[in-house]
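Novice: Let's see this in three dimensions:
(2 chains)
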2 protein chains.
Amino acid sequence: MDHYLKALFAPKSVAIIGVSATSRRSGNVFYDRLLGYGFEGRVYAVGRNGGMVEDEPIYPSVKDLPEVPDLVFGAVGMQATPQAMIDAAAAGVRVGIVFTAGFAEMSADGAEIQRDMVARCNELGMRVVGPNCMGVFSTGCGMNLTDVEGLDAGQIGFVSQSGNIALTLFDNAKRHDLGFHSFVSFGNQADIPAIDYIEYMAQDDAVEVILLYLESLQENAGADFIARCRAVAARKPIVAIKGGVTNAGRRAAASHTSRLSASEDIYDAAFEQAGIVQVQDLDHVMAVAEALLRCPPMKGENIAIVGSGGGHSTVGTDCVERAGLTVPAFDQEMKDIFGEYLPPWAPMSNPVDMTGGFTEDLTLFQTLMRYPLSRPEFHGGLSYGLYGEGWRPGLVDDNGLTFETAAPTLAALQQETGKPIVFYTPFAKEPDKSFTAMRLSGVPCYGSLAEAAAGLAALRTRGAFLARVAGRHETEPDRAPSSSGAGSAFTLTEYESLRRITAAGMATVRQELVSSAEEAMAAADAIGYPVVLKAQLTNVAHKSDVNGVRLGLTTADEVAAAFEQMSTIPNAGAAVNCTVSQQIAAERELLLGIRKDETFGHTIVVGVGGILTEVAARVAVLVPPVDLGEFVATIERSPIASYLGDWRGKPAVDLEELHRQVTALHAMCRADQAIESVDINPLAVVGSSLQAVDAAVVLESAPELG
Amino acid sequence: MDHYLKALFAPKSVAIIGVSATSRRSGNVFYDRLLGYGFEGRVYAVGRNGGMVEDEPIYPSVKDLPEVPDLVFGAVGMQATPQAMIDAAAAGVRVGIVFTAGFAEMSADGAEIQRDMVARCNELGMRVVGPNCMGVFSTGCGMNLTDVEGLDAGQIGFVSQSGNIALTLFDNAKRHDLGFHSFVSFGNQADIPAIDYIEYMAQDDAVEVILLYLESLQENAGADFIARCRAVAARKPIVAIKGGVTNAGRRAAASHTSRLSASEDIYDAAFEQAGIVQVQDLDHVMAVAEALLRCPPMKGENIAIVGSGGGHSTVGTDCVERAGLTVPAFDQEMKDIFGEYLPPWAPMSNPVDMTGGFTEDLTLFQTLMRYPLSRPEFHGGLSYGLYGEGWRPGLVDDNGLTFETAAPTLAALQQETGKPIVFYTPFAKEPDKSFTAMRLSGVPCYGSLAEAAAGLAALRTRGAFLARVAGRHETEPDRAPSSSGAGSAFTLTEYESLRRITAAGMATVRQELVSSAEEAMAAADAIGYPVVLKAQLTNVAHKSDVNGVRLGLTTADEVAAAFEQMSTIPNAGAAVNCTVSQQIAAERELLLGIRKDETFGHTIVVGVGGILTEVAARVAVLVPPVDLGEFVATIERSPIASYLGDWRGKPAVDLEELHRQVTALHAMCRADQAIESVDINPLAVVGSSLQAVDAAVVLESAPELG
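Specialist: Numbering: from 1, shown residues only, chains lettered A, B, ... in the order given. Predicted structure coming up:
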C-alpha cells in the first residue's frame, strides 16, 4: 500500500482554498504559482464567493469540487481556517496543509483552536501539515506550494521546521550544484510528526539523502523517532541540524545530571543512536549533504592530503584533524614514489604539496592520490589546488585536457577504490563549469577547507554507523605514538627530581632514600606513620603501573614487606632503591608542569592532578614571564578556575604561594637548559600549603657521569 | 626616527633584479606590474646583461644605479640570488626582498646557503624579507611587488607567512568590503621576525587592524613576540590565525605536561597573553577583522538579538552562545515596550523576531535595538533579516527610505551607545549596495550567522584584553540561575533515595537511619568501622557544603560527637535524622544519573563521579532503550571510555553489571513518571562490584502525605 503522504508529495489533484475572483488574495498567489510552475496534476480553486479565475471556476467549498482532491492547501485567514479544513476533511480529503499562522505559536487560545482543528480533521480521516508552515514542494511532479518561485531538481529530500532556514539552504545548495526532489516545511508540527515525512522520503527511490532542520519533536516522541530514524538511516543518510540548543537550561540546572546533560546533549545522543549525521554549523549543512550524496562512506579515520598550495595544505591538515580525523605521515616507500613525480622541494609526507608541477599534467592529482588510497591504512582523500590558471578555459595540458575534462578523473579513482575523495579550491565559492563537472562526476568541490573537513567527517560518522548496524568491527586507527621526538631524553628518579626542585625553593614532602628493608624501617620510624614506599626507577612514567608504589603503610613490618616486594619489579635490579615518604592527606591534588618549547622556552602548565589528571584533562597554560596579576587572571579565566577556588567547603588555593613556587621552578629550568620537562604530580594542597609529593625531571639526554 | 621598514612599505625608489632586455623573465613581470600599478616612487631595472626595457636602461648591478634605492626585489634564480643580494647590501641598500624559493624549505644545503646570505647581508647593513615569499604590497604608495594583479585599498595591514592563504583572504575581503593598506608575505622568515612587520604597521596611522597568518616564530622568539605584541595590541587590534596545529605532537607525547599542553596550546596561551584575537576557522578571519575594524570593543558578554525571521533567530542564538557569549531573556518591562511595536504573535523575549512588521518602517531595526542597548546589562547587539523585498532597490517605506538609506541608522545607534551591532542576512554572501552602505557606515553585514557570532566574540575578547591592560575590573555577566523550571521539585532524603533504588534492584552500601547519638553508636557497632555519618536533608544538593557529612569515624565516641554536631546545622531542626553507613574504599567513583526529558522521557547519564564530577565534566548520555551492545558501544566512544577501561592497574569496570543496574534504575523511573531525576554519586567501583554510596531522587512535586 502506498504511504499516506503520497497524497502530500505526489498528489493527482490539489485544491487551493482562499482564491478570489475580484481581489488578489494569498490563495490567488499560490494558485497562479502552482499553475505557472507546471504541476502535472489537476488544480482546483476554492473561495467562499465563487466566480471565475483564469477562465476556471472558483468553487465555494471543497465539497462542491467535481472530485475529492488528494490534497488541499489552506491560505485563508486564521479565523476561517479551522472550518475550511474541517469541511475538506468531511469531503474525504486525506491530507491538508495549513499555511496560515497565528495558532499555537502565538497564544494559548491559538493552541486550543489548533488542537481542536486537528482533532476534528483526524476524526474525519484527514492529516494536517503545519500550521504556520511554508508548504510543500515536489520537483518530481512539478508541484510548488511554497513561498519560493522555484527550486532546482535533485536528489535531496528536505524536511524543515523553519521556512527561513529552508530559504537559506536552498540558496546554499546552488553553490554545491545540489537540488531537491521534495521539500516540506512543517511549522508547528500539530499533527504529522517529522518522522513520517522522513519515512516517506526513505521509501521514495528518487530521494538519496534526507535533510532535516529540527527545533523540537512532539512530546514523548523521542524513542519512536530514534527507532524509526535508525531503520531509515540503515538505508539512506539522514543529515540534521538542531536549532535551539541554548545554554540557558544548562545554567539553571541544579543537579549534576541536569547540568551535565542539558537538552542539547540528549539530542546529540539521540541523533547518534538514530544514525543521524548531525551538523552544528548551518554554513556546513549543504557541504555535508553533498559529501553524503556523492561519496561512499568512510571505513576509517586516516586521510591522505595531496594537492597544490603550501599554506592550504597546512590549514587543511588542521581542519581535518580538528574534525576528528587523522593525517598520518607517509612512510619512506610512499615518499620515494612521490619523489619520482615531484620536484625535490615539494613536501612529500602527508600532506603532499605538488607545488606547480600539475600545470603540464592535469591528471597528476589522480595519479598521486592513487598511491595512498591503494593502501588499506588510508580511508579517504582530500585534494586541493588554487588553479590560478589550471581551471581557466584557456589552458590545455600536454594530454589535451582542460581542468573541466580532467576533473572527473578523481571521481574514477573514488569509484575504483571505494574511498571518498573531496576537493578544495578557494575559487569554488563562485560557480564555474569545471567545478560543476567535478561535482556531477561524483567528487564534492568545496570553497572552504572547513567544509571539506566537515564533509569527510560526516562520511566517517556515516561509515561508523553502518559498521555498527552491520555488527562489523572496524580496524582502529593506528594511534601508536611515533618514536621520533622522544629522542634520548632521560628521566631522573623521583628522589633525584624532588631533591632538585626542593633545592630550587619548592616545598616537598619529607622523604628518605633507602636501599634495604632495615633502612626503610628506620626511615619510616623517623618520619612517622603512615608512610608511602616508592621504587626509584628511571624512565618509568607511571610507577603505579608497575606496582612501584605502596600507600598507607602503618607499621615497620609492613614497610619491610613492601620493600621486599619492590625488589621483584622487572628491571629494578637487585639493588633496588626506594624512598620512604610521609603520607599526607591532600584536600586537592594539582599538576604542575614545565615543558620546553623551541619557540617559547620553558612554559608552565597548572592542572587537575592525581589519578584524574588525564580524565579531567583540565589545565591552564602560561608562557613566562608572568607576574602575579597576569598569573591570577590567567588561572581565573582557565578551565581549572573552579577547582582552585573555594571548593567543597575548603578555601581557595593560595595563588600567591602557587605563583611563588611556579616562579622558582621556572627559574630552575631557565638556569638549566638541559631540562626538557618537569612533571610535579600531585602537588598536594593541604590548607594553605602546597607540597610536591611526586616529581619527574626529564633531561634532554642522560647526564654524563663524573 | 623612522622605522627601518619604511624602506620596505613606503620606499622612494625600488630596484627590480632579474629584468632582461631580450626575454620575458620573472623580473620583467614584476617590473611591468610595478609600473602599471602606478607606484609613486622611482623604479630601476637591474639585469646582468644590461640593455633597455620599456625605453629605460637595465643596469648590470645595483651598484651601477644613479642612486642607492631604498628597496631591492630579487627575482633571479636560486643560484644567482645570494650574490645579487650581497651586491645590493654592499651598495648601501637597507632592505631586500628574496622572492625566489629553494632555500631552507627545500634542503639542508638550501638552509645553509640562506643562513650565509642573510649573515653577509646583515653585516653590510641590509635586512632581508623571505626567501620563498610572495612579496610586499602598499596601496598607500601604489606599490605592488607581488604575484597578484591588484588589491583593494583599505585600513588593514596584513602580515602573512603563506602566499596562498593571503590570496584566499584577499578574495574573502571583497565579500566584506574590506581593503588593505599594506601587505607582506615573509615566507621562510630567515631574517626579519614577524613582530617587526607588526610593529611597523602599529606606528602607521593608516593601518587600523593588523592581520597575521603565522605558521611558526623564529627559535626562542616567543617571549619577545608576546611582550611586543602586547604593547601593540594595547593600541591596535591584532587578529591572527595559526597554521600547523596538528595533533601528531600531542599523540606522541609521553608526559602529562606534554600531552596536556601540545605546541598549539602554548600558542593559544601566548596569543591570549599577547592580546591577540585568535581565529580558528579560516572562513571567519575576515569577518573578525571586519568587526574589529568597524565596531567598538565589547565590555561584557550579553547580546540582544532583534531581527526578522524565526529560524534565524533560533540558530543565531545558538551561534552566539556557542561562541561563548550569552543571550539573556528580557524582563517584562522590555517585553511590554516591544509589544507596542510588534504584532502579538511576534516573539518578544530575547531573541526578538519582528516578523513582517518592518516593511512599512525600515528604521524599526534601530528603534527596537535601542531599548536593550540602552540598558547597562546589555553589551552588544545582533540584528538580522531576510529582506525579501526590503533591501531591493524598488521598495520605499513610509518614511521615504530604501534599505540602502535606512541601513546606516544602526550605525548611528552603535556610535551613540558605544556598543557594537552586527547584522546578518543570508543574501550578504553576494554583493549589494545596501550591504555596502551598512558596512561603510560602521555596521558589519554578514552572510553567515557563525561569522556574525565570531565577530561579536572577537569584540568581547578585545574588550576583555583592553580592560585587563587598563587594570579595570569588569562586571561579571549575570549568571544567576533563573528560578523558572525549578518549579516545585522535591528532593528526597539520601536515605529514602537509597531505599528506593535498592528496592529497584541496585546494589547500595549498607546503611541505617538513626535519630539519636545512641542509635548512631549502635548502628556503627553493627556495621563495623570506619563509618560515615550523613545528615538527611531534603532539597540540599551537596550535603558537604553544609558540613552534613563526616567521613572516617573509627570509634563509637567519634560517631556520637559527630551526631551532636550535625544537630547544629541550620534548618536541620531539633529532630535531625542521620544515616550511619559503611565507609568503602572505592577504586573509582562514577556518576549515574537519570533525567526526565519532555521529548525523550527518562534519559541516562554515566560520568566521572565523586568530588571531581564537575571539574572533569566527562559523561556519556544514553537515550533508552539501549541494549547491552549499544550501551557498550556508546560508552566506548564517549569521553569516559578510558576512565571505565583498564586503568592504573585496575581491571575495566564491568559494563555488563553497569548495564544491568542502569536498566533497573531506568525501569524504576519508567514505572514512576513522578520521578524528575536521580543522581547516584558516587557509584563506587570496588573490584567487579558497583555500589551506590549516595543518591538523590528528585520528584516533580512533594509527595502527598498519608
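Novice: Enumerate the residues of the stretch 601-706 of chain A near chain B.
Specialist: Contact residues (C-beta under 8 Å from any C-beta of the partner chain) of the stretch 601-706 of chain A with chain B: A:601, A:603, A:605, A:607-608, A:611-626, A:630, A:633-634, A:640, A:642-643, A:648-649, A:677-679, A:681, A:696, A:698. Quick note: C-beta positions are derived from backbone N, CA and C, even for glycine.
Novice: let's go with 7 Å and repeat that
Specialist: A:601, A:603, A:605, A:607-608, A:611-619, A:621-623, A:625, A:630, A:633, A:642-643, A:648-649, A:677, A:679, A:681, A:698 (C-beta under 7 Å from any C-beta of the partner chain).
Novice: Among the residues you listed, which lie within strands?
Specialist: The strands, defined by DSSP state E, take in A:G601, A:T603, A:V605, A:G607, A:V608, A:V619, A:V621, A:L622, A:S677, A:D679, A:N681, A:V698 from these.
Novice: could you list every residue that touches the closest residue to the fifth one other than its chain neighbours?
Specialist: The spatial neighbour of A:V608 that comes closest, neighbours along the chain excluded (C-beta to C-beta, 6 or more residues apart in numbering or on different chains), is A:A616 at 4.0 Å. Counting by C-beta atoms under 7 Å, 6 or more residues apart in numbering or on different chains, A:A616 makes contact with A:V608, B:L612, B:V615, B:A616.
Novice: out of these, which is most surrounded?
Specialist: Most neighbours among the contacts of A:A616, by other C-beta atoms under 10 Å in any protein chain shown: A:V608, with 26 neighbours.
Novice: who's it bridged to?
Specialist: A:L590 (DSSP bridges).
Novice: ok, now which ones touch it?
Specialist: By C-beta under 7 Å, 6+ apart, the residues touching A:V608 are A:L591, A:A616, A:R618, A:I640, A:Y643, B:V615.
Novice: what about 8 Å?
Specialist: A:E589, A:L590, A:L591, A:A616, A:A617, A:R618, A:V619, A:I640, A:Y643, B:L612, B:V615, B:A616 (C-beta atoms under 8 Å, 6 or more residues apart in numbering or on different chains).
Novice: now swap in A:L413 and tell me
Specialist: A:L413 sits next to A:Q366, A:M369, A:R370, A:L373, A:I421 when contact means C-beta under 8 Å, 6+ apart.
Novice: which one of these is nearest chain B?
Specialist: Ranked by distance to chain B (C-beta to the nearest C-beta), the contacts of A:L413 are led by A:M369 at 19.4 Å.
Novice: shouldn't that closest one be in contact with A:V306?
Specialist: Yes. The criterion here is C-beta atoms under 8 Å, and A:M369 meets it with A:V306 at 4.9 Å.
Novice: what touches both of those two?
Specialist: Common neighbours of A:M369 and A:V306 (C-beta under 8 Å, 6+ apart) are A:G381, A:S383.
Novice: What's the per-residue pLDDT of the residue nearest to A:V608 here?
Specialist: On pLDDT, A:A616 comes in at 80.
Novice: and if you look at A:G487?
Specialist: Looking at A:G487, its pLDDT stands at 58.
Novice: which non-adjacent residue is nearest the residue of the stretch 51-200 of chain A found nearest chain B?
Specialist: At 2.8 Å from chain B, A:S162 is the closest residue in the stretch 51-200 of chain A, using C-beta to the nearest C-beta. Using C-beta to C-beta, 6+ apart and skipping residues adjacent in sequence, the residue nearest A:S162 is B:G311, 2.8 Å away.
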